[in-house]
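Fold the stuff below for me.
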Amino acid sequence: MSSRDLSPRRLATAAWALRLQFFVTGALFATWGVHVPTVKAHYGLGEQSLAIAMLASGVGALLALTQAGRVIARFGPRGVAAVTGVLCATGVSLLIVPNVYVGLVLLLMLFGATGSLFDVAINAEATEIEHRAGRPLMSGFHAMFSLGGMVGAGFGSLLPWLGWSAQTHLWVACGAGIAIILGASVAMLEMRAEPGDKQPLSLPRGVLALIGTLAALGLIAEGAMYDWSVLFMKQERASDASVSALGYASFSLAMALGRFGGDWVRARVAPVPLMVASGLLAAAGMSIALLVPPAGAGLLGFALVGLGLSNVVPVLFSAASKVPGVSPAHGIAAVSSVGYLGMMAGPPLIGMIAEHSSLTIGLSCVVFFALIMAMAAQRALGSTRSRVAGPAAAD
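Numbering: from 1, shown residues only. Below is the predicted model:
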């Protein structure tokens, strides 16, 4: 894909529009995360049944990713973001409308499919803007996702004081999300397709497969925070609804702060040591949250996990977008497909372990996967540093 010639002002406008898209995506994911206990209670589910419903979201995402490159090539990131963003927000608003389990499964499948297409579309545009700006910007875009998650979770923690019902919160979040998505879509770039972009996604091989493996490991940990952090604080630490929501908020705040400084870090630290440090810090933070009983320790631990994971996805998506012979949308979709396999398998695995033991034991998987991510960094990125790392290679 390429875009038309742009003035600096037009590029800056498009960049801010894209930041808003990342922000609203994070807020929508946080809204789902805050209401996992609500959904569990509404449908009368155990951890295993809830995990299976979450699996539907991953299946929807994976199916959508097989066509992401083709769809984005045909309609452009701007059009895809507008349509899928609206559908994603609508799916969130309807989470507790059905009274039957199959309704939840279908809604989560819609949420996963539209959310993944929206994600690839805005990341494809992010790589184009980063390329045209000539400097690292990807971490800053993803920081807005984390900031949106923090705001969404923080707002959820205020519900008892606002006196709102869960459904009122979902309707408000949906309305605000749709307004931002449509407004920001108008200011996004118009990117035209090139002939090579029309091929459907194939299974990633070589460099993309290795990068995708790291993405899977990081997204398992990140997905666990989205889906289980609030429930962990409520069930395992006996926290009230407000404190439980702050578990997700602390994770998102730390991730946002790490990403706002991430472009500066990426310009000075090579991908391999950055990945190693990220995995070790995430493992340490999760260990604190699981092993130290006070609720405050859980909030601190989740914050360290967020800081540790903050630059994993920006580094990997930026690398995937620069693999020779592969368009940015296809590179990101290929890595995302492997990453979503991890995100798809991770939360249900944690839920099934929790069903037969405890959520604390289930979330210990995050420690294990974060350590593997640190150990696998050299193999996945070491041989590709000079080709895809950009300025971060000069350390």
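
Name the residues of the longest helix anywhere in the chain that are buried.
The helix that spans the most residues within the chain, counting by DSSP state H, is helix 101-133. Neighbour-count burial for helix 101-133, counted by 16 or more other CB atoms under 10 Å, picks out 104-132. The C-beta positions use only the backbone N, C-alpha and C, and glycine is treated the same way.

Then stretch 255-265?
For stretch 255-265, by 16+ other CB under 10 Å, it's 255, 256, 257, 258, 259, 260, 262, 263, 265.

Need those in JSON lines (columns: pLDDT and secondary structure).
Listed next are the buried residues of stretch 255-265 as JSON lines, based on pLDDT from 0 to 100; DSSP: H, G, I helix; E, B strand; the rest coil:
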{"residue": "255", "pLDDT": "85", "secondary structure": "helix"}
{"residue": "256", "pLDDT": "84", "secondary structure": "helix"}
{"residue": "257", "pLDDT": "89", "secondary structure": "helix"}
{"residue": "258", "pLDDT": "92", "secondary structure": "helix"}
{"residue": "259", "pLDDT": "88", "secondary structure": "helix"}
{"residue": "260", "pLDDT": "89", "secondary structure": "helix"}
{"residue": "262", "pLDDT": "89", "secondary structure": "helix"}
{"residue": "263", "pLDDT": "87", "secondary structure": "helix"}
{"residue": "265", "pLDDT": "90", "secondary structure": "helix"}
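
so where's the chain shaky on pLDDT?
1-5, 192-204, 329, 343-344, 382-395 (pLDDT under 70).

could you pull out the helices for the stretch 101-250 of the chain?
Ranges of helices in the stretch 101-250 of the chain, per DSSP state H, counting those that start in this stretch, are 101-133, 138-157, 159-162, 166-187, 207-235, 241-260.

Same list (those helices) but as a markdown table, adding distance to residue 354.
Converted to a markdown table, those look like this (distance: least, CB to CB, whole Å):
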| stretch | distance to residue 354 |
| --- | --- |
| helix 101-133 | 18 |
| helix 138-157 | 21 |
| helix 159-162 | 25 |
| helix 166-187 | 23 |
| helix 207-235 | 8 |
| helix 241-260 | 16 |
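
can you tell which of the ones you listed is closest to residue 293?
When the helices of the stretch 101-250 of the chain are compared by CB to CB, helix 207-235 sits nearest residue 293, at 11.8 Å.

now for the helices of the stretch 101-250 of the chain, which one comes closest to residue 317?
helix 101-133 (5.4 Å).
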